[in-house]
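J.: can you look at this prediction? I've put the sequence above it.
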Amino acid sequence: MENLWTVVIKRKYIDPLTTLDWIRMPHKSSKNSSVVWKAVVVSVNIIEKGLAWLVGDGTQVRLGQDPWIGCPEGFTLSQGLVTDLKDRGLFTLNQVVDPGASSIWNQGWLQGRDLNLVDDRLEEWGRYIRDLLNSSVRLSDSPDELKWVFAQNGVYSPKAGYKWMMSQKGLENPDWWAKSLWKLKGPAKSKLFFWCVLLQKVPTWDFLQRRGRIGPGRCPLCKGSVETAQHLFLLCPFNSSLWAEMLSMIKVPYRWEGQALSEAWQRWWNDSSNDRERTIPLLITWGTWLARNQAIFMDSVFPIGRLAAEGAAIYESIPFPQAPSHSRAVCQEFISYTLPWAYFDGASGNNGRCGAGLIIHFSKEKAVKASIGLG
């Protein structure tokens, strides 16, 4: 069953079209679309690049317009030939099958002469048929299935889409922190925000001005420099004071410095003794951003001591990383005190001596203990 969100979205943006017809539309958004829906449409454009038909009965594959698995990049037909075919009542792949020319090895297709094509269109149709034969396309009784060819299982997922986009940009090996950051135990919103900071996607004034926004452009916390991510999270006196205040509370040495944010982050990561300590830049950066927004929208300064105390409280709530244990797992079972129960264990030392011990409980108050050394 479709969930409620899917039903609402389809009713609002897709109906009365089918999902397939909507995907085929060149323009899917409108001026009245929400910001979220516009982002979804951008993602759909990315998905479309990998969509292709696993040909079954051929009733869904449009002639000269839809790709199939294994087709070359130039699979499309000219608009003139597509229109010519439509005028002859030919729209989908199943309509150009020639049963008389089929064999157990190849699917038979109507040739250009069967369609009375001439000149350039005859040659173009011949190329299209050769592409079908080279791809070993053969119709069956199964329905056509739309697949995403950049995933091994043919199903699109955000992970598969991200991996494909990174490969297209030559970023198969992302930044060293791309995976490590998400494994930290800090609040999810602080990890997401810090990820945006490292990618220089935070809407500081320099970022907004490049997009045509008009504003003061100065740092709202110190009012002494142009606001950039570099200044706000590395050089601003407010940020430095917050670092000093919080680190003094949690007794961690202050070492947030570098020529760039990426350098400061790399140094902090390498110098930290555990993942708990590595969450500190995330908490302080998020606190600085909250103070910055309050200075802009509320025209008030967030007390550094309060921010530091809140950050320190979050930090203290993060558990210490547990070292892997090599001891035997102890099975704890419910003990019925109506029956006698016993514990037994043995041990040995490096000198070759060994021994064993035994405790028999007849009740909570009465027990017998025994031990023996075995030389």
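T.: That came in fine, so what should we check first?
J.: only C-alpha atoms for contact and neighbour calcs from this point on.
T.: Noted.
J.: so what's the gap between stretch 303-318 and the chain middle?
T.: With C-alpha atoms, centre = their mean, to the nearest Å as the basis, stretch 303-318 stands 29 Å off its chain's centre.
J.: so where's the chain uncertain?
T.: Regions of the chain meeting the criterion pLDDT under 70 cover residues 1, 29-31, 169-174, 323-339, 349-352, 374-375.
J.: list the neighbouring strands of the strand or helix carrying residue 347 plus their orientation.
T.: Using DSSP states H and E, the element containing residue 347 is strand 341-348. Its sheet considered, strand 341-348 pairs with strand 354-361 (antiparallel) by DSSP bridges.
J.: what segments of the stretch 51-200 of the chain are strands?
T.: In the stretch 51-200 of the chain, the strands defined using DSSP state E, counting those that start in this stretch lie at 51-54, 145-148.
J.: which helices and strands does the last one pack with?
T.: So the one you mean is strand 145-148. Strand 145-148 sits against strand 51-54, with contacts defined as 3 or more C-alpha pairs under 8 Å, 6 or more residues apart in numbering; DSSP states H and E.
J.: and residue 214, its phi and psi?
T.: Phi and psi for residue 214, reported as degrees, to the nearest 10, are phi -100, psi 130.
J.: list the contacts for it?
T.: Contacts for residue 214 (C-alpha atoms under 8 Å, 6 or more residues apart in numbering) come out as residue 208.
J.: separation between it and residue 205?
T.: The gap separating residue 214 from residue 205 is 9 Å, by C-alpha to C-alpha, to the nearest Å.
J.: for residue 158, same thing?
T.: Distance, residue 158 to residue 205, by C-alpha to C-alpha: 31 Å.
J.: repeat that for residue 114.
T.: 66 Å.
J.: of the two, which one has the most company?
T.: Each of residue 114 and residue 205 has its neighbours counted (other C-alpha atoms under 10 Å); residue 205 has more, 21 against 10.
J.: is the more buried one in contact with residue 231, as I believe?
T.: No. With contact defined as C-alpha atoms under 8 Å, residue 205 and residue 231 do not form a contacting pair (11.1 Å).
J.: what are the ranges of the helices in the stretch 101-250 of the chain?
T.: 119-134, 158-168, 177-180, 188-198, 205-210, 229-230, 237-250 (DSSP state H, counting those that start in this stretch).
J.: for those, which one sits closest to residue 369?
T.: Closest approach to residue 369 among the helices of the stretch 101-250 of the chain (C-alpha to C-alpha): helix 237-250, 47.2 Å.
J.: specify the local secondary structure of residue 369.
T.: strand (DSSP: H, G, I helix; E, B strand; the rest coil).
J.: my read: it touches residue 360, true?
T.: Yes. If you go by C-alpha under 8 Å, residue 369 and residue 360 touch, sitting 6.5 Å apart.
J.: and those two? Which one has more around it.
T.: residue 360 (15 against 11).
J.: OK, contacts around the residue lying closest to that one once chain neighbours are set aside?
T.: Nearest residue to residue 360 in three dimensions, chain neighbours excluded: residue 342, at 4.3 Å (C-alpha to C-alpha, 6 or more residues apart in numbering). With contact set as C-alpha under 8 Å, 6+ apart, residue 342 has these partners: 358, 359, 360, 361.
J.: try residue 371
T.: Taking C-alpha under 8 Å, 6+ apart, we find residue 371 in contact with 355, 356, 357, 358.
J.: same check, this time on residue 131
T.: By C-alpha under 8 Å, 6+ apart, the contact set of residue 131 is 71, 72, 75.
J.: closest one of the residues you listed to residue 143?
T.: Taking C-alpha to C-alpha as the measure, residue 143 sits nearest to residue 71 out of the contacts of residue 131, at 18.7 Å.
J.: pretty sure the closest one contacts residue 132?
T.: Yes. Using C-alpha under 8 Å, residue 71 is in contact with residue 132, at 7.3 Å.
J.: gap between stretch 115-122 and the chain center?
T.: Worked out by C-alpha atoms, centre = their mean, stretch 115-122 lies 48 Å from the chain centre.
J.: break this protein down into its domains, please.
T.: Taking automatic domain parsing as the criterion, the chain consists of the domains 4-48, 49-173, 177-317, 341-373.
J.: now do the same end-to-end measure for the longest one.
T.: When the termini of domain 177-317 are compared using C-alpha to C-alpha, they are 23 Å apart.
J.: got it, and the last one?
T.: Start-to-end span of domain 341-373 (C-alpha to C-alpha) is 23 Å.
J.: buried set for that domain?
T.: Across domain 341-373, burial judged by 16 or more other C-alpha atoms under 10 Å covers residue 361.
J.: show me the contact partners of the host helix or strand of residue 296.
T.: Assessed by DSSP H and E, residue 296 sits inside helix 280-297. Helix 280-297 has contacts (C-alpha under 8 Å, 6+ apart) with 186, 190-191, 193-194, 220-221, 232-233, 238-239, 242-243, 265, 300-302, 307-308, 311, 315.
J.: ok, stretch 21-28 next?
T.: 14, 41, 44, 48.
J.: out of those residues, which end up buried?
T.: Using 16+ other C-alpha under 10 Å as the burial test, the contacts of stretch 21-28 include 14, 41 as buried.
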